[in-house]
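Asks: kindly generate the corresponding structure for this input.
(one chain, ligands or ions: 1)
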Amino acid sequence: MEPSLRWIAEKNVIEMIDQTKLPGTLTYLEISDYRSAANSIKNMNIRGAPAIGVTAALGMALAAIEFQHLEVGKFKVEMENAARIISKSRPTAVNLTWAVKRIQNLIENNSTSSPDLTKLIIAEGQKMWQEDIDTNRAMGKHGATLLIDGDTVLTHCNAGSLATVQYGTALAPIRWAIEEEGKKIQVIADETRPRLQGARLTAWELHQDKIPIKVEADNNAGLMMRKGKIDKVIVGADRIVNGVVFNKIGTFMVAMAAKYHNVPMYVVAPKSTLSLNETEKDVIIEQRNAQYEVAEIMGKIKEPIVPEGVECINYAFDATPFELITKIITQDGVFSPEELIQRYK
Ligand SMILES: CSC[C@H]1O[C@H](OP(=O)(O)O)[C@H](O)[C@@H]1O
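Replies: Numbering: from 1, shown residues only. The predicted structure is shown next:
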């Protein structure tokens, strides 16, 4: 699976897979300014917590290029404005603001010229791009210790290569178990209404990589566990706060079913997704366009599936309490939720 985004140094642009067009067509967007980078996150051309984090950092590099002709005081003012616009593109995944803050810190800590700051920012964005891949592979190796030959693993949404620069978070242990350890793993992907990241993206990337994949309607998850057809659940995360994992809407329902059926529930997330000084009340759960996503399925159907005049509800994430989580895997290892707090708080 190729990277979901890359920096094209010869042209100073971000090239990204346009995920709104998958699985039908593989097309690419060339992003040449920071406002377009912010829009690509908001419109979910690129999505997934780590992927939008790196996109945000490279979006800041595009802003620096645009304003490097200014004297450094004015350059910094423009960069603060760019940081604000990029940061507000989506509210829930903490990787976005984490990435922007990392670039802002670099600007604050370097009293040099605008062109030199620009070079530093581009280099930092490229460094974050590579760090993401290395982190994902480390999580894959750690998480694969939890998988045995012959496992059937349920996943929800897409926390794969397309949700990161490459290799994925939740799908990383599956990739590692298969590709590095030769284990046979069957993946079941929840379609994941309303944006269908499981059906459209997880199925596409795993099928591309010849990893056994089946798609189920979201409501099948509980019965599949009751029938003993699911050995483990692995999901990603958008923000892990003290006591709660925020992830794609529907994760909480899957976690409850897993708890009821004693199916291990694993969350895979890099440290950049941790925000342990926060609690649930601090987190904004994104609400997206309900008519477009719920009633019209992003324009993929001939007519809405909801009667005209009937309002739809569309939270994009939900909150899963630690008591429903068996293990959380980061690049440092495998932790119980309690061990995670001890390690990182
Ligand atoms: C490793 S991706 C984490 C997370 O991001 C996805 O959300 P979205 O597709 O809305 O960006 C999903 O919640 C994944 O689990």
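
Asks: elements contacting the longest helix along the chain?
Replies: Counting by DSSP state H, the longest helix found in the chain is helix 114-144. Counting contacts by 3 or more C-beta pairs under 8 Å, 6 or more residues apart in numbering; DSSP states H and E, helix 114-144 packs against strand 5-8, helix 49-67, helix 72-87, helix 94-108, helix 172-179, strand 265-268, strand 327-330, strand 333-335. Any C-beta I mention is one placed from the backbone N, CA and C, and that applies to glycine too.

Asks: between these, which gets nearest to the ligand?
Replies: Comparing the helices and strands packed on helix 114-144 by their distance to the ligand (C-beta to the nearest ligand atom), the top pick is helix 49-67, with 4.0 Å.

Asks: give me the number of residues near the residue nearest to residue 237 when sequence neighbours are not counted?
Replies: Excluding the flanking residues, the one nearest residue 237 by C-beta to C-beta, 6 or more residues apart in numbering is residue 269, at 4.0 Å. By other C-beta atoms under 10 Å, 29 other residues sit near residue 269.

Asks: swap in the one 10 residues further on?
Replies: A count of neighbours around residue 279, defined by other C-beta under 10 Å, yields 12.

Asks: model confidence over stretch 1-13, on average?
Replies: Looking at stretch 1-13 alone, the average pLDDT works out to 97.

Asks: give me every residue in this protein lying close to the ligand.
Replies: 47-50, 157, 159, 163-164, 169, 197, 235-238, 247-248, 316 (C-beta under 6 Å from any ligand atom).

Asks: one more pass at 5 Å, please.
Replies: Where the chain comes near the ligand, counting by C-beta under 5 Å from any ligand atom, the residues are 47, 48, 49, 157, 159, 163, 169, 197, 236, 238, 247, 248.

Asks: on that earlier part again, quick check on the residue nearest to residue 237: phi, psi?
Replies: In this entry, residue 269 is assigned phi and psi values of phi -160, psi 140 (degrees, to the nearest 10).

Asks: need the helices for the stretch 201-345 of the chain, in chain order.
Replies: When secondary structure is read from DSSP state H, counting those that start in this stretch, the stretch 201-345 of the chain shows helices at 203-208, 221-226, 251-260, 290, 337-344.

Asks: can you tell me the closest non-neighbouring residue to the residue most central in space within the chain?
Replies: When the chain is reduced to its mean C-alpha position, the nearest residue by C-alpha atoms, centre = their mean turns out to be residue 48, at 2.2 Å. With C-beta to C-beta, 6+ apart as the criterion, residue 48 has its nearest non-adjacent residue at 2.4 Å, and that residue is residue 163.

Asks: repeat that for residue 65.
Replies: Once flanking residues are discounted, residue 65 sits nearest to residue 12: 5.5 Å by C-beta to C-beta, 6+ apart.

Asks: is it true that the one you found touches residue 64?
Replies: No: no contact is recorded between residue 12 and residue 64 when judged using C-beta atoms under 8 Å, the distance being 10.0 Å.

Asks: those two: which is more packed in?
Replies: Using other C-beta under 10 Å as the criterion, residue 12 and residue 64 rank with residue 64 on top: 25 against 15.

Asks: confirm for me that the more buried one is in contact with residue 125.
Replies: No: at 9.3 Å, residue 64 does not count as touching residue 125 under the criterion of C-beta under 8 Å.

Asks: residue 50: how many residues sit nearby?
Replies: Considering only other C-beta under 10 Å, residue 50 is surrounded by 32 other residues.

Asks: mind listing what the closest residue to it other than its chain neighbours touches?
Replies: By the measure of C-beta to C-beta, 6+ apart, the closest residue to residue 50 outside its immediate chain neighbours is residue 164, 4.2 Å from it. Taking C-beta atoms under 8 Å, 6 or more residues apart in numbering as the criterion, residue 164 is in contact with 4, 48, 50, 51, 132, 133, 136.
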